[in-house]
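Student: sequence below, structure please.
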Amino acid sequence: IMFHYSPYAASVFNGFSAPQYRFEYVLSFTLAGAVAAGLSQLSEVRWKEMLGASVIAILFYWYNEHRHGLDLTKPAYTSVILLLFLTIAALFVSKLTFKKSRLTVYAVIILSAVLIVNIYQKYVLSEGGGLQTVSNTYLTSREYKGEEQTELISRLQSKDTDPLARLDWMNGVRNNTPIMYGFNGFSVYSSILNQNLLSFYWNDLNIDMGRESVSRYASMGGRANLYSLLYGKYFMTEKTNTANVPYGFTKIMESKHYAVYQNQHMLPFVKTASQVYNETDFDGSPALVKEQAMLRGIVIKDPSGKTEKPPKLNNLISHSNITAKHAEYKTGQLTVMESTGQLIITPESPS
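Tutor: Numbering: from 1, shown residues only. Sure, this is the predicted structure:
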């Protein structure tokens, strides 16, 4: 119970990432072992303990149905209740004539467990998980890998034969979209991710990927400098999502629902530089300072020669108009009134 309500425990079991209750699988195996060990001690269970367990089971049923609105008449939940009461009944029988009914008790528990596993698989995982919707029609639809997106990407690749050009587009939250559609992208998931890339995203450039995870990376956080530095030549999005198009990108191609934008400030794939910076000099520096250093020169860990000092950038916050929307902002403190409360920071035009 303590682990369940602790986000720290859930984060540890999820690889120090977003909290998820993956430790409960370990708990399930532990409880299964405890139950298996307890079956051999049924004759030692006292009547009071059995009655107490029965009362707790009944109260659990009542509490969940009447307090939480849990519909226990559904097949998936009914099977759990059935298993619970069959087990209690088997325990009462075993208490009366344990030696003669021992095999019957074991049979009831094992058969009930097999029954509940299959019912849970059918109603919760198969039907409840929507597996029946994963059809060939869905896999080839616009929501997954549709003809429209495929055709638009093919048109782009025919127009630009640069084998190193990278396109930023991800279908929903499917990080392996570039692999699925066959283009050089900005996202990948799970086992094909490496530690250095993740550290570069999180620690060096502080890129906001929209989702916290140690198993994926995605996009450039809409930052134009990074697209130019990392050869991000194109950006594709739904026509209803043009607000997220990075600065310096202009539309060059479109289909019925999608549009492709091209970076107008591209840097060569390989460039020479005369300014050298020491990586350790940027500890604690804002991400924009690191971006400027990468644009002007090269950042090296433990360089042997002379190095430049990190670039100095003006603090634009003091020269910006700051207004609160659905919130109140006073003396550096933001009080949010609604779920959409936010600060709107508009930099003034440079003089």
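Student: state the phi and psi torsions of N244.
Tutor: phi -90, psi 10 (degrees, to the nearest 10).
Student: just checking, which helix or strand of this structure averages the lowest pLDDT?
Tutor: Ranking every helix and strand in the chain by mean pLDDT, DSSP states H and E puts helix 75-96 at the bottom, with a mean of 67.
Student: distance check, the spatially closest residue to T335 that is not a sequence neighbour against K233.
Tutor: Spatial nearest neighbour of T335, excluding adjacent residues (CB to CB, 6 or more residues apart in numbering): E328 at 4.5 Å. In this view, the C-beta of every residue, glycine as well, is placed from N, C-alpha and C. Applying CB to CB, to the nearest Å, the value for E328 to K233 is 43 Å.
Student: Q41 now?
Tutor: Per CB to CB, Q41 is found 69 Å from K233.
Student: what's the answer for S154, then?
Tutor: Taking CB to CB as the measure, S154 falls 16 Å from K233.
Student: repeat for G128
Tutor: As judged by CB to CB, G128 and K233 stand 43 Å apart.
Student: those two: who's more crowded?
Tutor: Neighbours were counted for G128 and for K233 using other CB atoms under 10 Å; K233 has more, 21 against 12.
Student: which residues sit in contact with that one?
Tutor: Applying CB atoms under 8 Å, 6 or more residues apart in numbering, we find K233 in contact with D160, D162, A165, R166, L167, Q262, N263, M266.
Student: and with 6 Å instead?
Tutor: Applying CB atoms under 6 Å, 6 or more residues apart in numbering to K233 gives the contacts A165, N263.
Student: then M209?
Tutor: Shown in contact with M209 (CB under 6 Å, 6+ apart): A218.
Student: that one belongs to a helix, doesn't it?
Tutor: No. Per DSSP: H, G, I helix; E, B strand; the rest coil, M209 lies outside any helix segment and is coil.
Student: residue boundaries of the helices in the stretch 201-350 of the chain?
Tutor: 224-229, 287-296 (DSSP state H, counting those that start in this stretch).
Student: I misspoke; the intended subject was the stretch 51-200 of the chain.
Tutor: Using DSSP H, counting those that start in this stretch, helices in the stretch 51-200 of the chain cover 75-96, 98-120, 136-139, 147-159, 177-181, 195-199.
Student: can you give the contact residues for the shortest one?
Tutor: Residues lying outside helix 136-139 but in contact with it, judged by CB under 6 Å, 6+ apart, are Y144.
Student: switch to 7 Å and redo it
Tutor: Outside helix 136-139, the residues within contact range by CB atoms under 7 Å, 6 or more residues apart in numbering are Y144, K145.
Student: could you give the separation of that helix from the chain centroid?
Tutor: On the basis of CA atoms, centre = their mean, to the nearest Å, helix 136-139 sits 24 Å off its chain's mean C-alpha point.
Student: same thing with the fourth one?
Tutor: On the basis of CA atoms, centre = their mean, helix 147-159 is displaced by 28 Å from the centre of the chain it belongs to.
Student: same question for stretch 243-262, mean pLDDT?
Tutor: For stretch 243-262, mean pLDDT rounds to 95.
Student: and for stretch 289-303?
Tutor: Averaged over stretch 289-303, pLDDT sits at 92.
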